[in-house]
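A.B. asks: From the sequence below, what's the structure:
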Amino acid sequence: MDIRCPHCGFSKDIDEQTIPADVQRVNCPSCGQSFPFSKPAAIDPPPLENAAPVRPPEEVLITCMACNLRQKVAERCRNCGLTLVAQALPDGAVVQQYAGFWLRVVASLLDSVVVFILQVVSGVVLGASGALLGGLGNGDGAMAVLIWLFTTVLGLAYYVIFTGSCGQTLGKMALRIKVIRKDGGDLGYGGAALRETIGKFVSGIILGIGYLMVAFDERKQGLHDKIAGSYVIKL
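C.D. replies: Take a look at the predicted model:
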């Protein structure tokens, strides 16, 4: 910094770092006169306009929309295991990883193949058994009805048992998606029966609109999901 004597006008450039902080007066080396002196106060740079305060990641809390647990930022909910994508927003908002429409379609196609194979095998076994026993009743009609009832119940049982026990059919296991309750828990056999029978019947009978709702719903729920109070999530 430049220091100038007010008496004789002598000036000299001195490194500010070498001037002690408690200096109040200096002597001019040219005229010998003394004059007051003080270091200029440091000026902080002005804050950036519209700059939002930055919160350390460990202070950001998020809410799991499945079980409503408030927790620190993480990839998974520590309570229900739901996959979370956290956003560092002031209100701690969080986006859930719900399974989308096409992912669920592929899982359903895989399950349809599995169920079809089971129904064909069981139908062949029942038909062969009926032939060995000489038929059922007075004709083949009764055997055909029996085979149809058995394979239909077998298909429903596949979805209810797998969904009720672990929330995943074989197709969902392959695609790593799962059916859960709104609180993040397992759907259970009662909820699975409601979802897979009445729920899917209603979704299908209205021209499949109940299934198409998955593509447009914010939380990717079909009508059968809303009836059973369930979500389908990514793992």
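
A.B. asks: Could you report the separation of Lys172 from Gly9?
C.D. replies: Per C-beta to C-beta, to the nearest Å, Lys172 is found 88 Å from Gly9. The way it works is simple: take the backbone N, C-alpha and C, and place the C-beta from them, glycine included.

A.B. asks: Look at these two and report which has more neighbours.
C.D. replies: Ranked by neighbour count (other C-beta atoms under 10 Å), Lys172 and Gly9 place Lys172 first, with 24 against 10.

A.B. asks: Show me where the chain has its strands.
C.D. replies: Ranges of strands in the chain, per DSSP state E, are 2-4, 11-13, 25-27, 34-36, 61-63, 70-72, 84-86, 94-96, 177-181, 230-234.

A.B. asks: would you turn the ones you listed into JSON lines with distance to Val113?
C.D. replies: Output for the strands of the chain, formatted as JSON lines (distance: least, C-beta to C-beta, whole Å):
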{"stretch": "strand 2-4", "distance to Val113": "86"}
{"stretch": "strand 11-13", "distance to Val113": "86"}
{"stretch": "strand 25-27", "distance to Val113": "93"}
{"stretch": "strand 34-36", "distance to Val113": "93"}
{"stretch": "strand 61-63", "distance to Val113": "38"}
{"stretch": "strand 70-72", "distance to Val113": "39"}
{"stretch": "strand 84-86", "distance to Val113": "32"}
{"stretch": "strand 94-96", "distance to Val113": "29"}
{"stretch": "strand 177-181", "distance to Val113": "17"}
{"stretch": "strand 230-234", "distance to Val113": "19"}
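
A.B. asks: State the distance from the closest residue in space to Lys200 that isn't next to it in sequence to Ala99.
C.D. replies: Using C-beta to C-beta, 6 or more residues apart in numbering and skipping the chain neighbours, the partner closest in space to Lys200 is His224 (4.8 Å). Plainly put, His224 is 14 Å away from Ala99 if you go by C-beta to C-beta.
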